[in-house]
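Peer 1: Build me a model from this:
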Amino acid sequence: MKKIITNVSVAGIFSAPSFQSEMITQSLYWEELEVLDKKENWYKVKLFDNYIGWINEFYTIKKLLFKEHATYIETNPFGEIKTNPRIDSKSILNCTFGVTIPAIETVKINELWWHKILLPNLNIGWIQDSGFDKKLSIRKTIEFVSKKLLGIPYVWGGRSSFGFDCSGFVQTIFKFCGIYLPRDSKDQYIFEKLKPIESKMSEAGDLVFFSKNDNITHIGISLGKETFIHSSGWVKVNSLNYLDSNYDDNLAKLYNSTLSIQKLV
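Peer 2: Numbers count the residues shown, from 1 in each chain. Got it, this is the predicted structure:
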């Protein structure tokens, strides 16, 4: 079974082997893709979430064998990979939030922590540690990292710091926390580990769903007290409470339910 690696910051996954077709999702730097078919210079691939689509081979590299290493996961909207562990060194690539990279070692240079990492071609790069507090609870982590992405624009099919759609935003945040949700909001709604709760009882990390004509059409992440963060136009905070300054009447009319994932603590 052939495997390839995404070799750019973000690569579009399309519904057909053409840039004129719909971009249905994205693959991020270093993500492994299972090749199902090939047509000219396009691969039909399966992603980690079982989404299937087409990627141009220009954005990929053959998976190479390497010794397993620790991983570094970027927590900033963008992490700059450099040739050397110096801020003024040459940039190689900007990776987005949630990218997982093999890390060879971590060193402290001039009061800054740097990770020596492998690139997909097995060359070496360096990325500065973001300083994320790994001792935060899952709920606190979800709240912290989601707020760092405020203002990022909406992009249909997007799941990167360059742009998110609503379900891509939620999936990316939860994947960072080790919770693998389906790609689309309608499938996230029926995720087996969810249980319904009252919106007024929600905490940060619960999922807020919206529907139209009995179909789930939108999703956000609760921040507690009926407020939620979501990608609609851009990543922003709204509320279901009409007394709140962030209340959105249109969204409130489409509100369906609030569900909590059992794994959250």
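Peer 1: ranges for the helices of the chain?
Peer 2: In the chain, the helices defined using DSSP state H lie at 138-147, 166-176, 185-189, 249-254.
Peer 1: Apart from its chain neighbours, what residue comes closest to Asp248?
Peer 2: Spatially, and ignoring its direct neighbours in sequence, Asp248 is nearest to Asn238 (4.6 Å; CB to CB, 6 or more residues apart in numbering). In short, each C-beta sits where N, CA and C put it, glycine included.
Peer 1: okay but that neighbour is in contact with Tyr247, surely?
Peer 2: Yes. Between Asn238 and Tyr247 there is a contact under CB atoms under 8 Å: 7.2 Å.
Peer 1: These two: which is more packed in?
Peer 2: Asn238 (21 against 15; other CB atoms under 10 Å).
Peer 1: I would like the residues contacting stretch 37-51, please.
Peer 2: 4, 13, 17-18, 24-25, 27, 31-36, 52-58, 60, 171, 180-183 (CB atoms under 8 Å, 6 or more residues apart in numbering).
Peer 1: Under the pLDDT cut-off, which ranges of the stretch 151-265 of the chain? List them.
Peer 2: For the stretch 151-265 of the chain, the stretches with pLDDT under 70 are 265.
Peer 1: Go again with 80.
Peer 2: For the stretch 151-265 of the chain, the stretches with pLDDT under 80 are 263-265.
Peer 1: Among the contacts of stretch 37-51, name the buried ones.
Peer 2: Burial by neighbour count, 16 or more other CB atoms under 10 Å: within the contacts of stretch 37-51 this picks out 4, 13, 17, 24-25, 27, 31, 33-35, 52-56, 60, 171, 181-183.
Peer 1: quick one on the thing from earlier: got the contact list for the residue nearest to Asp248?
Peer 2: Contacts of Asn238 by CB under 8 Å, 6+ apart are 220, 227-228, 230, 232, 246-248, 251.
Peer 1: now these as JSON lines including distance to Ile101?
Peer 2: Output for the contacts of Asn238, formatted as JSON lines (distance: CB to CB, whole Å):
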{"residue": "Gly220", "distance to Ile101": "29"}
{"residue": "Thr227", "distance to Ile101": "33"}
{"residue": "Phe228", "distance to Ile101": "30"}
{"residue": "His230", "distance to Ile101": "28"}
{"residue": "Ser232", "distance to Ile101": "30"}
{"residue": "Asn246", "distance to Ile101": "35"}
{"residue": "Tyr247", "distance to Ile101": "40"}
{"residue": "Asp248", "distance to Ile101": "37"}
{"residue": "Leu251", "distance to Ile101": "36"}
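Peer 1: from the residues you listed, which is closest to Arg159?
Peer 2: His230 (14.0 Å; CB to CB).
Peer 1: Roughly how far does the closest one sit from Leu47?
Peer 2: Distance of His230 to Leu47, computed by CB to CB, to the nearest Å: 22 Å.
Peer 1: more neighbours, those two?
Peer 2: Comparing His230 with Leu47 by neighbour count (other CB under 10 Å), the higher total belongs to His230, at 26 against 21.
Peer 1: how close does the residue nearest to that one when sequence neighbours are not counted sit to Asn84?
Peer 2: Closest residue in space to His230, ignoring its immediate chain neighbours: Gly220 at 3.1 Å, by CB to CB, 6+ apart. To Asn84, Gly220 is 41 Å away according to CB to CB.
Peer 1: Break down the stretch 151-265 of the chain into its strands, ranges please.
Peer 2: 159-160, 163-164, 194-197, 207-212, 215-224, 227-232, 234-239, 255-261 (DSSP state E, counting those that start in this stretch).
Peer 1: Most tightly packed of those?
Peer 2: strand 159-160 (a mean of 28; mean count of other CB atoms under 10 Å).
Peer 1: quick one on the thing from earlier: dump the helices of the chain to TSV, plus distance to Ile261.
Peer 2: Output for those, formatted as TSV (distance: least, CB to CB, whole Å):
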stretch	distance to Ile261
helix 138-147	9
helix 166-176	8
helix 185-189	10
helix 249-254	21
